[in-house]
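Novice: Sequence plus the predicted model coming up.
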Amino acid sequence: MARDLRFLFPVLFPTLHTLAAFANGLRSAKIVGMPTTANIFAERIGRIEVSATMAVTAEAAKLRAQGAQLVDFGAGEPHFATPRHIKDAAIAAIEANFTRYTVVAGIPELRKAIVERHACDFGSDYTPDETVFTTGGKLALFNAIQVLVDHGDEVILPVPYWVSFKDIIQYAGGKVVYLPTEEAANFRITADAIERAITPRTKAIILNSPSNPAGSVVSHAELERIVKLARARGIFLLLDECYVYLQYGGCPVSGGSFVDAKEHIIVIGSLSKTYAMTGWRAGFALGPKAVIAAMSKLQSQSTSSTAAIVQKAAIAALTGSQTCVTEMRADYLKLRDRILEGLGSIPGITCTTPEGAFYVYPNVSAFLGKTGVENTTELASRLLHEAHVVTVPGDAFGTHEHIRLSYAVSHADVEEGIVRMKNFFASLS
Ligand SMILES: Cc1ncc(COP(=O)(O)O)c(C=O)c1O
């Protein structure tokens, strides 16, 4: 046998020799500091977490792949198709070979369309060099915070907050100063509360109105007070207005309407929700020329411009008929009222009335501590696995007695979801 294997020696020996050399190499590399999984990453990536809404989406996708019929109140995106005239503009752009790099901040025609739409709807007074078009509102927010917030700078963030705010601030090295709001006051933030949270290190305040997750809206009068405060204290006000066209009562207001305070205001806008364009990745910022220039500089070293064809589609959205926006808003309002009615019929659940966006944020504290459900993460998980209803736990938004439901779904799904939730919560009682 040994003799039979002798012929392998010339083959094996060099191979073993190579392996030994490789192992030696590894050893010496370790001595000189070869990366391990512990030290391979930059410190800043450890400061952020995967978005909780993305985690929920992934869990739901697993169940769906196993054949589960889910009612999905998880994802924060319109169930409508992008309107025809917007799609046509993108198709025309492709056919016309409008498929090359463009200037980083967006083509002049688009920036003109952004400022004119905003001026028409909110009475603002921006010039095209005071806006930058970005790959979604999220990138506008990310870039604004990257260019403004330094290590140790404080950023005031009302709670509950949209999941990404805190991570984006932390990624820049900033310190998040959480500012709780009152559920009894519809989670609305006030100028007085903000004033109490300001310190010499405060760099910016983030305001999201209508808000994700609670749908709360800051009134015109309160926003005016907050704007005055920011100006008096030399602080930037970052207004995330991604849902500004989805307000159900009163007259929507933008930070950009306060033209005298322009130097302190950065408006973040998005076409995602307004025009059912989440996958197109189309957003923008409006702000002081110097801030916009810094954001464009940063963008020039990362994504460059957004996709050329998306820019053409965005022009069609902003300059075309706005009837689609009115129609979608009318449907969201019906969906909101029906889901509130449904939640109201479940014993133990209470819910504020959202004044905008397309989320409800019911209080589920009556069910915590029962049948082993300790927190909203566990509750959302059981709701998903036992009732096949997707929601996002309030833990992700900084409060611990709520779950978030997006009602940007069909009317049939709202009806089915209500039935499933009724049965599920009855089983917990
Ligand atoms: C409050 C808020 N801001 C910004 C965004 C990002 O939107 P976009 O799709 O424009 O990046 C979202 C998306 O859900 C949001 O809820």
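Specialist: Right, received. Where do you want to start?
Novice: Can you verify my assumption that V392 contacts A52?
Specialist: Yes - with contact defined as C-beta atoms under 8 Å, V392 counts as touching A52 (6.3 Å). Any C-beta I mention is one placed from the backbone N, CA and C, and that applies to glycine too.
Novice: Can you give me the neighbour number for V147?
Specialist: The tally of other residues near V147 (other C-beta atoms under 10 Å) stands at 20.
Novice: With R231 instead?
Specialist: Residues near R231, counting by other C-beta under 10 Å: 17.
Novice: helix/strand/coil for it?
Specialist: helix (DSSP: H, G, I helix; E, B strand; the rest coil).
Novice: repeat for A408
Specialist: Three-state call for A408 (three-state DSSP): coil.
Novice: Now for the residue nearest to it when sequence neighbours are not counted: which residues touch it?
Specialist: Spatially, and ignoring its direct neighbours in sequence, A408 is nearest to F358 (4.3 Å; C-beta to C-beta, 6 or more residues apart in numbering). For F358, the contact set (C-beta atoms under 8 Å, 6 or more residues apart in numbering) comprises G76, P78, G215, Y243, L246, K273, Y332, L335, R336, S406, Y407, A408.
Novice: Could you rerun that using 7 Å?
Specialist: If you count contacts by C-beta atoms under 7 Å, 6 or more residues apart in numbering, F358 has them with L246, Y332, S406, Y407, A408.
Novice: Among the residues you listed, which ones lie close to the ligand?
Specialist: Residues of those in contact with the ligand (C-beta under 6 Å from any ligand atom): none.
Novice: Same list, those, but as JSON lines with neighbour count and distance to V259 please.
Specialist: Compiled in JSON lines, the contacts of F358 are given as follows (neighbours: other C-beta atoms under 10 Å; distance: C-beta to C-beta, whole Å):
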{"residue": "L246", "neighbour count": "24", "distance to V259": "24"}
{"residue": "Y332", "neighbour count": "22", "distance to V259": "30"}
{"residue": "S406", "neighbour count": "25", "distance to V259": "34"}
{"residue": "Y407", "neighbour count": "25", "distance to V259": "35"}
{"residue": "A408", "neighbour count": "25", "distance to V259": "33"}
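Novice: residues in the stretch 101-250 of the chain within reach of the ligand, list them.
Specialist: So the stretch 101-250 of the chain meets the ligand at G136, G137, K138, W162, N208, N212, D240, C242 (C-beta under 6 Å from any ligand atom).
Novice: So which bits of stretch 271-290 are buried?
Specialist: In terms of neighbour count (16 or more other C-beta atoms under 10 Å), stretch 271-290 has its buried residues at 271-278, 280-288.
Novice: do stretch 339-350 as well
Specialist: Buried residues in stretch 339-350 (16+ other C-beta under 10 Å): I339, L340, G342, L343, I346, I349.
Novice: which of the residues of the stretch 101-250 of the chain next to the ligand sit farthest apart?
Specialist: Greatest spatial distance among these (C-beta to C-beta): G136 and N208, at 15.1 Å.
Novice: out of these two, which sits in the busier spot?
Specialist: More crowded of G136 and N208, by other C-beta under 10 Å: N208, with 26 against 21.
Novice: still on that earlier bit, now, which of the buried residues of stretch 339-350 sits nearest I292?
Specialist: I339 (38.5 Å).
Novice: Three-state assignment for that closest one, please.
Specialist: Using three-state DSSP, the structure places I339 in helix.
Novice: now T274: how far from F284?
Specialist: In this view, T274 and F284 are 11 Å apart by C-beta to C-beta, to the nearest Å.
Novice: Report the set of residues contacting both of these two.
Specialist: Common contacts of T274 and F284 (C-beta under 7 Å, 6+ apart): none found.
Novice: hang on, the earlier thing: within reach of the ligand, which of the buried residues of stretch 271-290 are there?
Specialist: S272, T278, G283.
Novice: how about the strands in the stretch 51-200 of the chain?
Specialist: 71-72, 131-134, 154-159, 175-180 (DSSP state E, counting those that start in this stretch).
Novice: Can you tell me which of these is most buried?
Specialist: For the strands of the stretch 51-200 of the chain, average neighbour numbers computed from mean count of other C-beta atoms under 10 Å are highest in strand 131-134, which has a mean of 29.
Novice: Pairing partners for that one, with directions?
Specialist: strand 283-286 (antiparallel) (DSSP bridges).
Novice: S124: how many residues sit nearby?
Specialist: S124 has 21 neighbouring residues, counting by other C-beta under 10 Å.
Novice: any low-confidence regions in the stretch 301-429 of the chain?
Specialist: Regions of the stretch 301-429 of the chain meeting the criterion pLDDT under 70 are absent.
Novice: Contact partners for the closest residue to the ligand within it?
Specialist: Nearest residue of the stretch 301-429 of the chain to the ligand: A357, at 7.5 Å (C-beta to the nearest ligand atom). With contact set as C-beta under 7 Å, 6+ apart, A357 has these partners: P210, S211, N212, G215, Y243, L246.
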